[in-house]
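Provided below for reference: sequence and predicted model.
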Amino acid sequence: MVEHEKSAGYKDRYEVLTGNIEHGSGAVDVEAIGDRIRSIREEKGISYDEISALTGFDVDTLTRIEANEIQPQLGTLVKLSKALDSAFSRLLSGVGSRLYSVTRKHERMPVTRSTSPRGRKLYSYQSLAPEVQGRHMESLIVDLEENPDKELSVHDGEEFIFVLEGTVLVKIEKDEFELEPGDSVYYLSTTPHMVAAKKERARILAVLYEG
């Protein structure tokens with residue numbers, strides 16, 4: 001989705017992602033994220049106006065996210081987790097209850113398929129370790145699409161990207177790179193950045209640290 005941010009001129013970079021990831025055995029209902037956000041907000045007694053002031057997202061967008069009319073992007077969840085004083089991982093894929101997680105290929109957990117306000121599918125991602133309690137990183141497999149507008153994003157945290165398939169175009173401030181399978185990049189998410197497929201689609205392993 002493209003959200004209207006009052007405090008930042010960069011659009012969430014994950015709006016350029018799309019997905020054709022097949023659901024495995026542990027699929028999480030895409031509506032669960034909106035439900036989790038609403039539950040945490042009500043638990044903490046935080047109003048829509050307060051979250052809007054902290055994140056720059058308008059109240060209409062926030063209510064649509066909680067109603068599961070909009071599936072929020074990853075950068076959006078980072079900002080919401082800060083505003084709600086809650087772990088990013090709790091919003092993304094739940095609290096978890098284990099000290100470690102071994103995830104077999106067929107056990108990868110599709111979390112959500114993000115959408116724009118117009119209903120366009122933007123990307124799907126699979127969480128690789130949702131069962132670990134108290135984690136501060138999220139490891140995901142994400143499919144990228146082209147981003148002809150080269151829109152930049154900025155949010156809290158750090159990111160590590162490892163290319164699995166295709167050619168990935170990375171822009172960090174004014175520098176641009178083309179990454180092939182086996183290449184990687186690590187950067188602070190507070191630096192304006194963009195990651196997209198150079199042509200058609202590409203697949204990456206993304207590790208996000210909430211900071």
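Good, I have the coordinates.

Straight-line length of stretch 148-155, end to end?
Using CA to CA, to the nearest Å, the end-to-end distance of stretch 148-155 comes out at 21 Å.

can you check stretch 183-192 too?
Stretch 183-192 has an end-to-end distance of 20 Å (CA to CA).

ok now it, how far from the chain's centre?
Offset of stretch 183-192 from its chain centre (CA atoms, centre = their mean, to the nearest Å): 14 Å.

contact partners of it?
For stretch 183-192, the surrounding residues in contact (CB atoms under 8 Å, 6 or more residues apart in numbering) are 10, 75, 78, 152-163, 168, 170, 172-173, 177, 179, 193, 208, 211. Quick note: C-beta positions are derived from backbone N, CA and C, even for glycine.

Can you tell me which of those are classed as buried?
Applying a neighbour-count criterion of 16 or more other CB atoms under 10 Å, the buried members of those are 75, 78, 152-163, 168, 170, 172, 179, 193, 208.

Out of the residues you listed, name the ones that lie in helices.
The subset of the buried ones among the contacts of stretch 183-192 located in helices under the criterion DSSP state H comprises 75, 78.

Just give the number of residues close to residue 77.
27 (other CB atoms under 10 Å).

Report pLDDT for the residue nearest the centre of the chain.
A centroid search over the chain (CA atoms, centre = their mean) returns residue 74, at 1.6 Å, as the residue closest to the centre. Model confidence at residue 74, expressed as pLDDT, equals 76.
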